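A.B. asks: below: sequence and its predicted model.
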Amino acid sequence: MLSGIESNPKSSLRTCRLVTLGCKVNQYETQLVREALELSGYREAAENEPADLCIVNTCTVTNTGDSKSRQVIRQLARENPGTKTIVMGCYATRDPRAVSELPNVVEVVTDKRELPDVLGRFGLVDMPAGISEFEGHQRAFVKIQDGCILKCSYCIIPTVRPGLRSRRPADIEDEIRRLIDNGYREIVISGVHVGHFGVDTNHLHPGDQPERLWHLLRRLDKIPGKWRMRLSSIESVEVNDEFVRAAADCEHLCPQFHPALQSGSNGVLTRMRRRYRVERFLERLEQIREQLGLHTAFSTDIIVGFPGETDEEFAETIETCRRAQFMKVHVFPFSRRDGTPAAEMQNQVSPQVIRERVRILSDLERDLALQFYQHHVGASSKLLEVLVERPSEYRPGFVRGTDRKYMPVEVPGTDADFGRFIVCKGDTADRTGILASRTDAIQAEMATTDSEPDVSAAMQRRHASTGATA
């Protein structure tokens, strides 16, 4: 809870329950609503405690997102009979009539600019300009822009989040400084289309200078302290010379990037209406590696079974993934979205073929991950800086987190390490990550750090909770 609310007796506060589905942007927007409600006299309902108000932030990127959104709303109605439910998010925008017919739904927010007015009817006093913490996480997501103007043939997002709206750079900086002061050691720069930050000029105030993404990264890098920032995604066509130079210069920026490939076949990319071809995509990766190092980490998204995808085109995707040497591949079976051109395309791939291709690509992804991890273990490897996030599931006395390249690492530790950096040495690797060790010298250094008051009371409270995860 925020400090301004803690002085009030819990019993006098109205209760709320918030559920989020989908992306980092949704999670950020839910956190903003959470803090607004807390400042207005609400607290989150405990488990098995009825809520006075329910809020569901929905996703519609796939059919599964729609289905899960409906399931969550119905479940909340069963568990909180008679409680009013507000539904927001992309599914609410895409199909507000269907959402409004679900049980207990009293408000459907189709435009987030309406949120202050809608929540005002339930006691909201004011909507804060940004967040101060990130409930249940050891890293904090910060939304820098909203909206997408691309016309990829498979994607519904430009319909439910149209236009571009970049936040004011000074507001972003203030928010990140506040999160760092509150103990967060990793900030994830997020948005619907991060690379289009600053393309619009609506965020400019008198005296402001236009800033693109690389300007923002340089600006944020000047924030002092032991923290790091991670870029949630970047389109390969937006990897220009200015971006690469900024990425190489920024001390706090993690050397891990997520350019969404979607397919490794030029034929499929054409049908997808993507803005690049395979060779140019690979060239952009090499451009970054030349400046940031051979073992810069790259993850990506691949859609399997796009309409008309042949065995030969799928084989091209497999080969492209090998050439790109991805550390991680998020594999998505194609999902037909009503209202997109791809939903009406001929030669839809059968579910059986899609399942087999997903299996093949997922197996390759685990092999590629292992190859990447193996470069970071052994006597000659560099030390790893790991943000500890949770206890190890299978190794008592170990904790699990991610290093600067987003590699999963397990290392000896305790709950007191949650939310802190541990410097360690990679010993062995398998497909699930790296097993590392702490040296006596490093442990002595960490003991010295423990005596310094650099962790806020808010972070100390989160350290005490073993349930906080990324």
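C.D. replies: Cool, the structure landed. Numbering: from 1, shown residues only.
A.B. asks: hey, let's count contacts and neighbours off CA atoms from now on
C.D. replies: OK.
A.B. asks: check contacts around residue 135.
C.D. replies: Under the criterion of C-alpha atoms under 8 Å, 6 or more residues apart in numbering, the contact partners of residue 135 comprise residue 31.
A.B. asks: what do you get for residue 352?
C.D. replies: Neighbours of residue 352 in contact, by C-alpha under 8 Å, 6+ apart: none.
A.B. asks: tell me which element it falls in.
C.D. replies: Using DSSP states H and E, residue 352 sits within helix 351-374.
A.B. asks: cool, and residue 199?
C.D. replies: When elements are defined using DSSP H and E, residue 199 is found to belong to no helix and no strand.
A.B. asks: would you agree it is in contact with residue 212?
C.D. replies: Yes - contact criterion C-alpha atoms under 8 Å: residue 199 and residue 212 qualify, at 7.0 Å.
A.B. asks: domain ranges for the chain?
C.D. replies: If you go by automatic domain parsing, the domain ranges for the chain are 3-120, 133-254, 265-372, 384-463.
A.B. asks: got JSON lines for those domains, with distance to residue 126 too?
C.D. replies: What follows is the domains of the chain, written out as JSON lines (distance: least, C-alpha to C-alpha, whole Å):
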{"stretch": "domain 3-120", "distance to residue 126": "7"}
{"stretch": "domain 133-254", "distance to residue 126": "17"}
{"stretch": "domain 265-372", "distance to residue 126": "36"}
{"stretch": "domain 384-463", "distance to residue 126": "22"}
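A.B. asks: which of these sits closest to residue 378?
C.D. replies: Within the domains of the chain, the stretch nearest residue 378 is domain 384-463; the backing value is 5.4 Å (C-alpha to C-alpha).
A.B. asks: would TSV of the domains of the chain with distance to residue 127 and mean pLDDT be doable?
C.D. replies: Supplementary listing: these in TSV, determined by distance: least, C-alpha to C-alpha, whole Å; pLDDT from 0 to 100:
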stretch	distance to residue 127	mean pLDDT
domain 3-120	5	90
domain 133-254	14	93
domain 265-372	33	97
domain 384-463	21	79
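A.B. asks: show me which of residue 199 and residue 212 is the more surrounded one.
C.D. replies: For residue 199 versus residue 212, the count of surrounding residues by other C-alpha atoms under 10 Å is larger for residue 212: 19 against 14.
A.B. asks: how close does that one get to residue 281?
C.D. replies: Residue 212 sits 21 Å away from residue 281 when distances are taken as C-alpha to C-alpha, to the nearest Å.
A.B. asks: next one: residue 364
C.D. replies: 20 Å.
A.B. asks: on that earlier part again, and the helix holding residue 352, which residues are buried?
C.D. replies: Neighbour counts over helix 351-374 (16 or more other C-alpha atoms under 10 Å) mark 354, 357-358, 361-362, 364-374 as buried.
A.B. asks: thinking residue 165 is in contact with residue 148, fair?
C.D. replies: No - using C-alpha under 8 Å, residue 165 is not in contact with residue 148; the gap is 9.1 Å.
A.B. asks: was I right to think residue 260 contacts residue 237?
C.D. replies: No - the pair formed by residue 260 and residue 237 falls short of the contact definition of C-alpha under 8 Å, at 10.5 Å.
A.B. asks: these two - which one has more neighbours?
C.D. replies: residue 260 (19 against 15).
A.B. asks: A strand includes the more buried one, no?
C.D. replies: No - Residue 260: not assigned to a strand; according to DSSP: H, G, I helix; E, B strand; the rest coil it is coil.
A.B. asks: let me see the backbone angles for it.
C.D. replies: phi -80, psi 110 (degrees, to the nearest 10).
A.B. asks: just to revisit the earlier point, send me the helix holding residue 352 as PDB with only the CA atoms.
C.D. replies: The C-alpha atoms that make up helix 351-374 are tabulated as PDB, following Å, rounded to 0.1, in the frame of the first residue of the first chain:
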ATOM      1  CA  PRO A 351      -4.100 -27.200 -36.600                       C
ATOM      2  CA  GLN A 352      -2.200 -30.500 -36.700                       C
ATOM      3  CA  VAL A 353       0.500 -29.000 -38.900                       C
ATOM      4  CA  ILE A 354       0.700 -25.900 -36.700                       C
ATOM      5  CA  ARG A 355       1.100 -28.000 -33.600                       C
ATOM      6  CA  GLU A 356       4.000 -30.000 -35.200                       C
ATOM      7  CA  ARG A 357       5.700 -26.900 -36.300                       C
ATOM      8  CA  VAL A 358       5.400 -25.300 -32.900                       C
ATOM      9  CA  ARG A 359       7.000 -28.400 -31.400                       C
ATOM     10  CA  ILE A 360       9.900 -28.300 -33.900                       C
ATOM     11  CA  LEU A 361      10.600 -24.600 -33.400                       C
ATOM     12  CA  SER A 362      10.300 -24.800 -29.600                       C
ATOM     13  CA  ASP A 363      12.800 -27.600 -29.600                       C
ATOM     14  CA  LEU A 364      15.200 -25.500 -31.600                       C
ATOM     15  CA  GLU A 365      14.700 -22.600 -29.300                       C
ATOM     16  CA  ARG A 366      15.800 -24.700 -26.300                       C
ATOM     17  CA  ASP A 367      18.900 -25.700 -28.300                       C
ATOM     18  CA  LEU A 368      19.700 -22.100 -29.200                       C
ATOM     19  CA  ALA A 369      19.200 -21.100 -25.600                       C
ATOM     20  CA  LEU A 370      21.700 -23.700 -24.400                       C
ATOM     21  CA  GLN A 371      24.300 -22.600 -26.900                       C
ATOM     22  CA  PHE A 372      24.000 -19.000 -25.700                       C
ATOM     23  CA  TYR A 373      24.100 -19.900 -22.000                       C
ATOM     24  CA  GLN A 374      27.300 -22.000 -22.600                       C
END
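A.B. asks: please enumerate the helices of the stretch 1-150 of the chain.
C.D. replies: 3-6, 24-39, 63-79, 90-94, 96-100, 115-120 (DSSP state H, counting those that start in this stretch).
A.B. asks: also the stretch 301-450 of the chain?
C.D. replies: Counting by DSSP H, counting those that start in this stretch, the stretch 301-450 of the chain has helices at residues 311-324, 351-374, 440-450.
A.B. asks: so which of these comes closest to residue 344?
C.D. replies: Distances from residue 344 to each of the helices of the stretch 301-450 of the chain were compared by C-alpha to C-alpha, and the smallest falls on helix 351-374, at 16.4 Å.
A.B. asks: the inter-axis angle of the closest one versus helix 311-324?
C.D. replies: Using axes from the mean of the first three to the mean of the last three C-alpha atoms, to 10 degrees, the inter-axis angle of helix 351-374 relative to helix 311-324 is 10 degrees.
A.B. asks: what about helix 351-374, distance to the chain center?
C.D. replies: Taking C-alpha atoms, centre = their mean, to the nearest Å, one finds helix 351-374 lying 22 Å from the centre of the chain it belongs to.
A.B. asks: then stretch 426-442?
C.D. replies: 25 Å.
A.B. asks: likewise stretch 105-118?
C.D. replies: Averaging C-alpha coordinates over stretch 105-118 and over its chain gives two centres that are 23 Å apart (C-alpha atoms, centre = their mean).
A.B. asks: what is the end-to-end distance of it?
C.D. replies: Taking C-alpha to C-alpha, the first and last residues of stretch 105-118 lie 13 Å apart.
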